[in-house]
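> with the sequence up front, the predicted model follows.
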Amino acid sequence: MRQLFTALLFCLMAPSGVAFGQAGEAQNLSGRIDYAIAYAPFLHALVLHGGWAPPRWRPTNEAWRWDGKSWSRWDVKGVPSFAHHTMAFDEKRNVLVICGRPTPHEGGEYQIWESDGSTWSRKADVPVGPNSYGDPKVTYDPRRGRLVLYVASYAGAAEVWEFDGKDWQNIKFAHQPVRCDDNGCLFQYDESIGKAVLVGESRPTPEPLAWDGREWGMNGGGGTQTWLWDGKDWVQGTGEQPPRAMWGGMTYDRGSGQLILLTTRMETWALRRARWEKLSPSTSPQPAPNGFIGLSYDPVRKLSLFFGGESRPSQPEKEWVYPSTTWIFEAHSWIPR
């Protein structure tokens with residue numbers, strides 16, 4: 001798997017030093033990938049949690065908040081350590097919700113954690129079980145007041161679980177969406193169409209480290225698929241699909257009233273009337289390609305942003321780059337911070 005190969009590579013290459021996320025580090029947000037990010041109204045800020053980075057490749061328990069200008073540590077009791085996880089804000093219960101595995105490259109049991117802003121607590125009721133596989137994805141449906149969780153199954157299918165504030169329910173459906181496995185997918189509720197949107201990659205044999213003659217494959221398969229979830233069944237989206245989307249980022253931009261997707265080629269797309277359209281911003285994020293990011297919308301400052309990522313250069317012998325730049329998207333342009 002990509003993360004296991006990367007971990008072994010950097011353990012061999014990196015000098016000894018302080019482990020990523022270890023107490024005593026300078027209070028600066030360092031480059032990382034596979035973190036979770038969501039807006040928390042009780043903080044009036046975007047929260048970035050977890051992730052991992054070279055040289056140690058250990059999931060971190062760091063939590064950071066964005067004040068519109070810079071990141072600062074959000075120190076709260078009981079923060080769990082995760083990477084390759086997912087996070088959403090439950091508006092009905094006013095809590096941040098995390099789902100993932102503390103050791104993603106080694107498997108292990110899935111866990112759900114919640115924070116009310118003062119502490120984190122692990123929940124006993126976890127719908128994702130041993131038959132599930134890979135990275136789960138969760139989003140919040142404000143129209144129905146439910147958390148919606150998507151996860152792939154070892155049986156070759158996908159599962160959907162919904163939480164109504166009291167219980168998790170396994171939702172049965174007639175049509176199977178794309179199956180996102182080892183590195184998950186993009187999953188976000190679109191308020192303009194009233195449906196949750198799943199973007200993934202259909203591929204028979206995952207090979208994330210493949211070289212296609214132009215760039216290292218930020219996804220390596222048979223093409224992007226978009227599926228729409230209305231609470232009862234899946235419907236596949238039609239029209240042109242964003243290439244190399246799976247390891248990019250996606251968020252609903254309330255300011256413009258549309259879902260925004262940033263691919264690993266740093267191309268910006270918008271979902272309009274359930275069809276993707278490629279945008280032409282005046283500037284795009286650098287470096288490119290770049291991936292394994294989280295994109296989220298800040299409703300107070302009316303902008304979308306992502307941090308860090310993993311950039312694989314066109315020359316295979318070059319080292320991969322882990323930038324520590326925050327990019328914000330507003331007024332049809334990407335701006336570094």
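Looks like it arrived, so ask away. Residues are numbered from 1 along each chain as shown.
> how many residues are close by Trp113?
Look at Trp113: counted by other CB atoms under 10 Å, it has 21 neighbours. Every residue, glycine included, has its C-beta placed from N, CA and C.
> oh sorry, the question was meant for Val95
18.
> could you report the pLDDT at the residue lying closest to Gly145 once chain neighbours are set aside?
Once flanking residues are discounted, Gly145 sits nearest to Lys92: 4.8 Å by CB to CB, 6 or more residues apart in numbering. According to the prediction, Lys92 has pLDDT 96.
> can you give me the neighbour number for Lys92?
Around Lys92 there are 14 other residues, counting by other CB under 10 Å.
> cool, Trp327 as well?
24.
> likewise for the one 5 residues further on?
A count of nearby residues for His332, using other CB under 10 Å, gives 12.
> relative to Ala196, how far out is the closest residue to it other than its chain neighbours?
Ranked by CB to CB, 6+ apart and with sequence neighbours excluded, the top spatial neighbour of His332 is Pro281, at 5.4 Å. Going from Pro281 to Ala196 by CB to CB, to the nearest Å gives 26 Å.
> so between these two, which is more surrounded?
Between Pro281 and Ala196, counted using other CB under 10 Å, the more crowded position is Ala196 (24 against 15).
> so the more buried one: helix, strand or coil?
Here Ala196 is strand, with the state taken from DSSP: H, G, I helix; E, B strand; the rest coil.
> OK, contacts around it?
Shown in contact with Ala196 (CB atoms under 8 Å, 6 or more residues apart in numbering): 139, 141, 148, 187-190, 228-229.
> one more: Ile112?
By CB under 8 Å, 6+ apart, Ile112 lies in contact with 97-99, 122-123, 125-126.
> just Arg73 next, same as before
27, 62-64.
> related to what we said a few turns ago, just the buried residues out of the contacts of Ala196, in ChimeraX syntax.
Burial among these is assessed by 16 or more other CB atoms under 10 Å; the matching ChimeraX selection reads:
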select :139,141,148,187,188,189,190,228,229
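> Throw the contacts of Ala196 into CSV and include pLDDT, thanks.
Shown next, in CSV, are those (pLDDT from 0 to 100):
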residue, pLDDT
Thr139, 98
Asp141, 98
Val148, 98
Phe187, 98
Gln188, 98
Tyr189, 98
Asp190, 98
Leu228, 98
Trp229, 98
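> in strands, which of the contacts of Ala196 appear?
Those of those mapping onto strands are 139, 141, 148, 187-190, 228-229, per DSSP state E.
> now Lys166. Its backbone dihedrals?
Main-chain dihedrals, Lys166, degrees, to the nearest 10: phi -130, psi -50.
> and it, what's its pLDDT?
So, for Lys166, pLDDT stands at 94.
> ok, now how distant is it from Gly248?
For Lys166 relative to Gly248 (CB to CB), the value is 34 Å.
> give me the more crowded residue out of these two.
Taking Lys166 and Gly248 together and counting by other CB under 10 Å, Gly248 has the greater number of neighbours (29 against 7).
> list the contacts of the more buried one.
Contacts of Gly248 by CB under 8 Å, 6+ apart are 186, 218, 242, 261-264, 291, 293, 295.
> dump those residues to CSV, plus secondary structure, pLDDT and neighbour count.
Below are the contacts of Gly248 laid out as CSV (DSSP: H, G, I helix; E, B strand; the rest coil; pLDDT from 0 to 100; neighbours: other CB atoms under 10 Å):
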residue, secondary structure, pLDDT, neighbour count
Leu186, strand, 97, 28
Met218, coil, 45, 25
Pro242, coil, 95, 25
Leu261, strand, 98, 26
Leu262, strand, 98, 29
Thr263, coil, 96, 27
Thr264, coil, 93, 28
Gly291, strand, 94, 28
Ile293, coil, 97, 24
Leu295, strand, 98, 21
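> burial of Gly255, as a residue count?
Neighbours around Gly255, by other CB under 10 Å: 16.
> repeat that for Gly117.
15.
> list the contacts for it?
40, 42-43, 76.
> isn't there a strand covering it?
No: counting by three-state DSSP, Gly117 is not part of a strand but coil.
> which pLDDT does the model give Met13?
34.
> please apply the same query to Glu207.
48.
> how much space between Gly239 and Ile328?
In terms of CB to CB, Gly239 sits 28 Å off from Ile328.
> look at these two and report which has more neighbours.
Each of Gly239 and Ile328 has its neighbours counted (other CB under 10 Å); Ile328 has more, 19 against 11.
> OK, contacts around that one?
303-305, 334-335, 337.
> unless I'm mixing things up, Pro184 is touching Gly134, no?
Actually, residue 184 is Gly rather than Pro. Yes: contact status for Gly184 versus Gly134: in contact at 6.1 Å, counting by CB atoms under 8 Å.
> leaving out chain neighbours, which residue sits closest to the spatially most central residue of the chain?
By CA atoms, centre = their mean, the chain has its centre lying nearest to Gly294, at 4.4 Å. Distances taken as CB to CB, 6+ apart place Ile37 nearest to Gly294, at 3.8 Å, with adjacent residues excluded.
> was I right about that neighbour contacting Asp298?
No: in this structure Ile37 lies outside contact range of Asp298 using CB under 8 Å: 10.2 Å.
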